[in-house]
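Chemist: when you get a sec, could you give me coordinates for this:
(3 chains)
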Amino acid sequence: MKSSVIFAAGALLTLALLANGVHQALVVAPTEQTMGDVQRIFYYHVPSAWTAFLCFFANFVASIFYLVRRSLRSDAMAVASAEVGVVFCTIVLVTGPLWAKPVWGIWWTWDARLTTTLILWLIYVSYLLLRRLSLSEQMPVVAAAMAIFGFLDVPIVYMSIRWWRTQHPQPVIGGAPGSGIDPVMRHALYANFLAFLAYACLIIWFRYMLENRQNRLRAMEEVSWVPVPEGAETSFADEALQSPGEAS
Amino acid sequence: MSMLSLTRATLGKDLRLEWRSKDSFNSMVFFALLVVVIFSFAFEPSAEESRRIAGGLIWVAFLFAAMVALNQTWARELRNRVLDAYRLSPAPANALFLGKALGNFIFVVLMEALITPLFVVFYNLRILGEPWLLALVLLLGTWALVVNGTFFAAISLHTRNREMMLPLILFPISIPAILAMVEATTAILTGEGATGPGTNPAVLWLKLLAGYDIVFTSACLLLFDPILRAE
Amino acid sequence: MTTPLPVLSGGPGAPAAPAIELDHVSKVFGGVVVLRDVCADFAAGRLYAIVGGNGAGKSTLLRLIAGLSQPTRGKVSVGGVPAAGTGGRQVGFMSHESFLYDEMSAMENLKYFCALYGLGEPGREAACASAMAAVGLDPKLTRRVILYSQGMRQRLSLARALIHRPRILLLDEPFSNLDTASAGQITRLLAGERDAGATVLVVTHQAGLLHGVADEFMNISGGSLAPLAAPQ
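Modeler: Numbering: from 1, shown residues only, chains lettered A, B, ... in the order given. You can find the predicted model right below:
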């Protein structure tokens, strides 16, 4: 019951932030000189990329926690953050071409940010695929190892694509890093970033709770046959049996 | 039991076993040959063009051929459940991993040594850059593929559709390494891109490859134990 | 309701702490309860024969003790340490899968296992030869294992299990595919290990072969382990 209240409050806050973000992006921010209103996709494209990255970082930390503590809650956080991260990656990959087509007439430019995001998308989709197709009892361990590999790859991917683009320059979607940006535009950018971050946290939390409950249910089904002995060490399943209705 | 001697024992065992049957190696070489020939039909480049695309083509051929070897990596351990015997023994898991990875490395490099001259012939290549750099790219690049490939092959053992799973999880993570291999090879073949002393792009990409190798070799050695023990 | 503990480490000179302890161990595989709240102790210097129908959980029990599998619930301890963490030097495991490389000879297989168990280079050849002799195989055999008969493969697998002189021996159907004489030889071998202080657990359909040799007979059925009167 308590968690529903917190969730509702979080949802309202997120809605407010998102509304503010939309307002900033579509109304307050000035129209860009050369590209016109199409440029406003920038306020969705870039913050999504940042949010995706933070989600994957959360996945990395949760995976390390899992390997160290073997707590299923960490694994739940790992899968939740990976899924939300992939969604935000998809947003980047969709908004990129939507922007590029009207501005440069081409759908895809192998732009550094877009390409890096594509590779991250591939890595984390393969992570989710592994989770789904694994037959191992220790799937969370295997998944955690993959998550660590994936995140270790992120800086390498970033560097390699940057070098690749300096060798073979192409138009950059969203302006090269370091190019000047109008302060009002920057404000809109950050406003949307905050809103997306709030949204990501909300959905991750929801997914985390969902996964926890599914794990609990599975554990309860597993041990429902087996008598709970007195004095035995408590396990995840025992917590489930003792507090069936409580929120995580 | 020292890590070194166990690695050596495992490597020796794998070399001996492969030498006796040679099935994995022969398939790999033949497959690489087929890919090279098919590419020759798919792309009929002039000498100048071929230098530009050869780097990419040769690494795609090697990548697919290496998959043949990597998919078989743990096949002998699966038969008769030798893997369980590994789990039961006090042998450090990463010594077993290293022995396996080195075995794969040797065979894939051998395959590359056989196929590269063929490639040069089919595409009438002349290396305009420095050849010894090419050897370095081959070694570092192959290790990048093999070290992760051996690790992920162990992961894919307990998945549905085992053979399909390995490329699905290996390729995305290997993309930066593949990019580096291709770019370095192209730079060496075409001999261009250097904008001054010390800025040879091949060297730049080699550094990236070396970094990749160090990061992922460490990760594999550290994380192989729980992977081996996963049922 | 816990199952009553089987007869414990009796006999003079038996150590106080049991070699293997199962503490309220349950194992569930995909919804099927294979072992249900099993409590049992196995002492050093004793040979246990375990019988039970197919799928009763005998192999699962051995795998749990070997540390190859984790219990869904409860604790398995070997020598006071949780089974998974023992690092294996104490346990010798023989299953119906041979754990051998088909394309190597017997000696090559055994020597590799010596390497896995950290047995030093100098004594290796002799240790392998004596292990093979103990199970009735000719140490000079150079044929690859794939060409062996089932019985020979079984015996080699046993030799492999024994090569590192384990304190705990877990054997899953060691007598299948063996003729009576060989089975007798194996039985004497196991008795010898038991007399030397090892804990021997033999899972078998042919409990009669262990008549007079086993210290205790046990039965697994319905996921529970219970003592059995010795077969006549």
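Chemist: can you name the residue of chain C nearest chain B?
Modeler: Nearest to chain B in chain C, going by C-beta to the nearest C-beta, is C:Gly118, at a distance of 3.2 Å. Glycine gets a C-beta too; all of them are placed from N, C-alpha and C.
Chemist: how about stretch B:88-97: buried residues?
Modeler: Neighbour-count burial for stretch B:88-97, with 16 or more other C-beta atoms under 10 Å in any protein chain shown as criterion, is recorded at B:88-89, B:91-97.
Chemist: do that stretch and chain C meet at all?
Modeler: Yes. Shown here: stretch B:88-97 in contact with chain C (C-beta under 8 Å from any C-beta of the partner chain) through B:88-91.
Chemist: and the helix ranked longest in chain A, what does it pack against?
Modeler: Longest helix in chain A by number of residues (criterion: DSSP state H): helix A:183-223. On a contact count with 3 or more C-beta pairs under 8 Å, 6 or more residues apart in numbering or on different chains; DSSP states H and E, helix A:183-223 meets helix A:2-23, helix A:42-69, helix A:72-104, helix A:236-242, strand C:20-29.
Chemist: figure out which of these is closest to A:Leu194.
Modeler: Nearest of the helices and strands packed on helix A:183-223 to A:Leu194, taken as C-beta to C-beta: helix A:2-23 at 5.8 Å.
Chemist: hmm, stretch B:146-165 touching chain A?
Modeler: Yes. With C-beta under 8 Å from any C-beta as the criterion, chain A is reached by stretch B:146-165 at B:148, B:155, B:158-161, B:165.
Chemist: correction: the previous question concerned stretch B:172-182.
Modeler: Yes. Using C-beta under 8 Å from any C-beta, stretch B:172-182 reaches chain A at B:172-173, B:175-176, B:179-180.
Chemist: still on that earlier bit, so which of the residues of stretch B:88-97 next to chain C comes closest to A:Met209?
Modeler: Closest to A:Met209, out of all of the residues of stretch B:88-97 next to chain C and judged by C-beta to C-beta, is B:Leu88, at 39.5 Å.
Chemist: near chain A, which residues of chain B?
Modeler: Proximity of chain B to chain A, by C-beta under 8 Å from any C-beta, involves residues B:148, B:155, B:158-161, B:165, B:168-169, B:171-173, B:175-176, B:179-180, B:183, B:193, B:201, B:204-205, B:208, B:211-212, B:215-216, B:219, B:223, B:226-227, B:229-231.
Chemist: go with 6 Å
Modeler: B:155, B:158-160, B:168-169, B:172-173, B:175-176, B:179, B:208, B:212, B:215, B:219, B:223, B:226-227, B:230-231 (C-beta under 6 Å from any C-beta of the partner chain).
Chemist: which stretches of chain C aren't confidently modelled?
Modeler: Scanning chain C for pLDDT under 70 picks out C:1-17, C:85-88, C:230-232.
Chemist: so which residues of chain B form helices?
Modeler: Per DSSP H, chain B carries helices over the ranges B:3-21, B:23-42, B:47-71, B:75-78, B:82-88, B:93-122, B:131-156, B:162-190, B:201-229.
Chemist: what would those helices look like in TSV with mean pLDDT and distance to A:Ser136?
Modeler: Converted to TSV, these look like this (pLDDT from 0 to 100; distance: least, C-beta to C-beta, whole Å):
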stretch	mean pLDDT	distance to A:Ser136
helix B:3-21	90	23
helix B:23-42	89	25
helix B:47-71	87	18
helix B:75-78	89	14
helix B:82-88	90	13
helix B:93-122	93	16
helix B:131-156	94	9
helix B:162-190	92	12
helix B:201-229	94	9
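Chemist: turn the ones you listed into CSV, including distance to A:Met146.
Modeler: Output for these, formatted as CSV (distance: least, C-beta to C-beta, whole Å):
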stretch, distance to A:Met146
helix B:3-21, 24
helix B:23-42, 25
helix B:47-71, 16
helix B:75-78, 20
helix B:82-88, 19
helix B:93-122, 16
helix B:131-156, 7
helix B:162-190, 7
helix B:201-229, 9
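Chemist: closest one to A:Thr115 among the ones you listed?
Modeler: Closest approach to A:Thr115 among the helices of chain B is made by helix B:162-190 (9.4 Å; C-beta to C-beta).
Chemist: tell me what the closest one is packed against?
Modeler: For helix B:162-190, the packing partners by 3 or more C-beta pairs under 6 Å, 6 or more residues apart in numbering or on different chains; DSSP states H and E come out as helix A:112-133, helix A:139-167, helix B:47-71, helix B:131-156, helix B:201-229.
Chemist: and those helices as CSV, adding distance to chain C?
Modeler: Shown next, in CSV, are the helices and strands packed on helix B:162-190 (distance: least, C-beta to the nearest C-beta, whole Å):
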stretch, distance to chain C
helix A:112-133, 16
helix A:139-167, 11
helix B:47-71, 17
helix B:131-156, 16
helix B:201-229, 8
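Chemist: can you put the ones you listed in TSV and add mean neighbour count?
Modeler: Output for the helices and strands packed on helix B:162-190, formatted as TSV (neighbours: other C-beta atoms under 10 Å in any protein chain shown):
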stretch	mean neighbour count
helix A:112-133	21
helix A:139-167	21
helix B:47-71	20
helix B:131-156	22
helix B:201-229	19
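Chemist: tell me which strands and helices the helix or strand hosting C:Ala133 is in contact with?
Modeler: Secondary structure assignment for C:Ala133, by DSSP states H and E: helix C:121-134. Counting by 3+ C-beta pairs under 6 Å, 6+ apart, the packing neighbours recorded for helix C:121-134 are helix C:106-116, helix C:150-162.
Chemist: could you dump those helices to CSV with mean neighbour count and distance to A:Trp104?
Modeler: Formatted as CSV, these follow (neighbours: other C-beta atoms under 10 Å in any protein chain shown; distance: least, C-beta to C-beta, whole Å):
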stretch, mean neighbour count, distance to A:Trp104
helix C:106-116, 23, 60
helix C:150-162, 22, 67
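Chemist: adding distance to B:Glu44, write those out as JSON lines.
Modeler: JSON lines is the format used below for these (distance: least, C-beta to C-beta, whole Å):
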{"stretch": "helix C:106-116", "distance to B:Glu44": "50"}
{"stretch": "helix C:150-162", "distance to B:Glu44": "55"}
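Chemist: now for those helices, which one comes closest to C:Arg89?
Modeler: Nearest to C:Arg89, of all the helices and strands packed on helix C:121-134, is helix C:106-116, at 10.4 Å by C-beta to C-beta.
Chemist: which residues does that closest one contact?
Modeler: B:9, B:13, B:89, B:91, C:100-101, C:124, C:128, C:141, C:156, C:160, C:163 (C-beta atoms under 6 Å, 6 or more residues apart in numbering or on different chains).
Chemist: now do that helix against helix C:121-134, angle only.
Modeler: In terms of direction (axes from the mean of the first three to the mean of the last three C-alpha atoms, to 10 degrees), helix C:106-116 departs from helix C:121-134 by 130 degrees.
Chemist: what separates helix C:106-116 from the chain centre, distance-wise?
Modeler: Counting by C-alpha atoms, centre = their mean, to the nearest Å, helix C:106-116 is centred 19 Å from the centre of its parent chain.
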